[in-house]
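Colleague: here is the input, now give the coordinates:
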Amino acid sequence: MKVLITDHPWPDVAIERAICERNGHELVAGPIEALPGSAIEALVAQHRPHAIMCCWAAVSAAAIQTPPDLRVVARLGVGLDNIAIPAATARGAWVTNVPDYCVEEVSDHVVAMLLSHWRGVTAFDRESKLGRWDPASARLVRTRNMTVGIIGYGRIGSATARKLSQGFGTRVLVNSPSLLREHRVGTEIASGISVASIEQIQQEADAIALHLPLTAATHHLVNDAFLAACRRKPILINVSRGGLIDSEALVRALDRGLLKAAALDVVEGEPTPPAAVVTRPDVIVTPHIAFSSDASLEELRQRCTEDVMRILRGEAPLHPCNAPARIR
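Modeller: Numbering: from 1, shown residues only. Coordinates of the predicted model:
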């Protein structure tokens, strides 16, 4: 059978190819960079794969409907907002991901971004390289005295909370729909980690980290109204999906002093995010790399491809993200 990998932001596909060929399947690889949706549809029409593996590329309903015997669309990553899941489900194809390969990396990235702001690392690096050596200008804070609000308490959100609470003694307020179903607001679920409403986070947090999927309900969750309700001029951190934040509202909040700063690994519009956001001195930006390490990428590539092989053998995947019609 034929496996198409639409895009791969790493230099080769040796891991994926070895696993496919060991199982008797052919791997066809697209370019490193994600092509536009129409080009992905053309690539799928050309190769008529039994399996599609994608990283950033959008796999549309049209792409999914084209191959006569498509069995799986596998996301080389966690988020699924670039895959037309209803179309895959309707035609009987699995959708899979690798939900836990980069938990340590992404939660580490949040801590690194927080410390960079609170300890002045990025700002004073910039100043020092410009010849401005001014330690008296430092207005730094004690991390242990800070309160961090985390919106989204899945694998990564809980790891971030644990590292901040246990590692730095930071007070952590956490929020997610599942937490609020299971616990009352104010419940301490671990030492230094308490369930909170979003309103409490807005009132009490010195930093707010987003650990949410991008859905219709969470799109532009952080907007003018959300930011106006923040009382302690927090640092806003996003390592999930750019679309969680309304970029224009973010710029307005920074201009008005409603936020001290922002730290963004994802920005709506990437890979060409708005300059009004990424060029600000009060915004730290990294180019969607929070997931990345040598260990995490090797694990991602291996586990994703092996799950595709299971499906091509007629087995159920380890990480299903839908219930295909013909499987029910």
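Colleague: okay, CA-based contacts and neighbour counts for the rest of this
Modeller: OK.
Colleague: can you classify residue 28 by secondary structure?
Modeller: strand (DSSP: H, G, I helix; E, B strand; the rest coil).
Colleague: could you give the bridge partners of it?
Modeller: Following DSSP bridges, residue 28 is listed with bridge partners residue 4.
Colleague: burial measure for the residue nearest to residue 133 when sequence neighbours are not counted, as a count.
Modeller: Of all residues beyond its chain neighbours, the one nearest residue 133 is residue 127 (7.1 Å), with distances taken as Cα to Cα, 6 or more residues apart in numbering. Neighbour count of residue 127, defined by other Cα atoms under 10 Å: 12.
Colleague: am I right that residue 127 is in a strand?
Modeller: No. Counting by three-state DSSP, one finds residue 127 to be helix, located in no strand.
Colleague: distance of residue 10 relative to residue 203?
Modeller: 42 Å (Cα to Cα, to the nearest Å).
Colleague: between these two, which one's more packed in?
Modeller: Using other Cα under 10 Å as the criterion, residue 10 and residue 203 rank with residue 203 on top: 16 against 9.
Colleague: can you tell me the helix or strand for residue 31?
Modeller: Taking DSSP states H and E as the definition, one finds residue 31 inside no helix or strand.
Colleague: isn't it right up against residue 10?
Modeller: No. Judged on Cα atoms under 8 Å, residue 31 makes no contact with residue 10 at a distance of 10.2 Å.
Colleague: distance between the ends of stretch 11-28?
Modeller: Stretch 11-28: ends 15 Å apart by Cα to Cα.
Colleague: mind listing what's buried in it?
Modeller: Within stretch 11-28, the residues that count as buried by 16 or more other Cα atoms under 10 Å are 13, 16, 17, 18, 19, 20, 25, 26, 27, 28.
Colleague: what does that stretch contact?
Modeller: 1-5, 29, 32, 298, 301-302, 305-306, 309 (Cα atoms under 8 Å, 6 or more residues apart in numbering).
Colleague: one more time with 7 Å
Modeller: Contacts of stretch 11-28 from elsewhere in the structure, counted by Cα atoms under 7 Å, 6 or more residues apart in numbering, are 1, 2, 3, 4, 5, 301, 302, 305.
Colleague: rewinding a little: quick check, pLDDT for the residue nearest to residue 133.
Modeller: With respect to pLDDT, residue 127 scores 94.
Colleague: pLDDT below threshold where in the protein?
Modeller: Residues of the chain meeting the criterion pLDDT under 70: 326-328.
Colleague: please redo it, this time with the cut-off set to 80
Modeller: Residue ranges of the chain with pLDDT under 80: 325-328.
Colleague: break it into its domains for me.
Modeller: 2-101+293-312, 103-285 (automatic domain parsing).
Colleague: output the ones you listed as a markdown table; include the columns distance to residue 322.
Modeller: Listed next are these as a markdown table, based on distance: least, Cα to Cα, whole Å:
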| stretch | distance to residue 322 |
| --- | --- |
| domain 2-101+293-312 | 6 |
| domain 103-285 | 15 |
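Colleague: to residue 320, which of the ones you listed lies closest?
Modeller: Residue 320 sits nearest to domain 2-101+293-312 of all the domains of the chain, at 4.8 Å, using Cα to Cα.
Colleague: tell me where the stretch 1-150 of the chain has helices.
Modeller: 14-22, 37-47, 61-65, 85-90, 103-118, 121-129 (DSSP state H, counting those that start in this stretch).
Colleague: give the other helices and strands that the third one contacts.
Modeller: Counting by 3 or more Cα pairs under 7 Å, 6 or more residues apart in numbering; DSSP states H and E, the packing neighbours recorded for helix 61-65 are helix 37-47, helix 85-90.
Colleague: so which of the ones you listed is the most packed in?
Modeller: Burial of those is given as mean neighbour count (mean count of other Cα atoms under 10 Å); helix 85-90 ranks first at a mean of 19.
Colleague: neighbours around residue 1, how many?
Modeller: Using other Cα under 10 Å, residue 1 is surrounded by 13 other residues.
Colleague: my guess is it meets residue 50, correct?
Modeller: Yes. With contact defined as Cα atoms under 7 Å, residue 1 counts as touching residue 50 (6.1 Å).
Colleague: are any of the contacts of stretch 11-28 buried, and which?
Modeller: By 16+ other Cα under 10 Å, the contacts of stretch 11-28 give 2, 3, 4, 5, 301, 302, 305 as buried.
Colleague: show me the beta-bridge partners of the spatially closest residue to residue 186 that is not a sequence neighbour.
Modeller: Leaving aside its chain neighbours, residue 186 sits nearest to residue 195 (5.3 Å; criterion: Cα to Cα, 6+ apart). Taking DSSP bridges as the rule, residue 195 bridges to residue 174.
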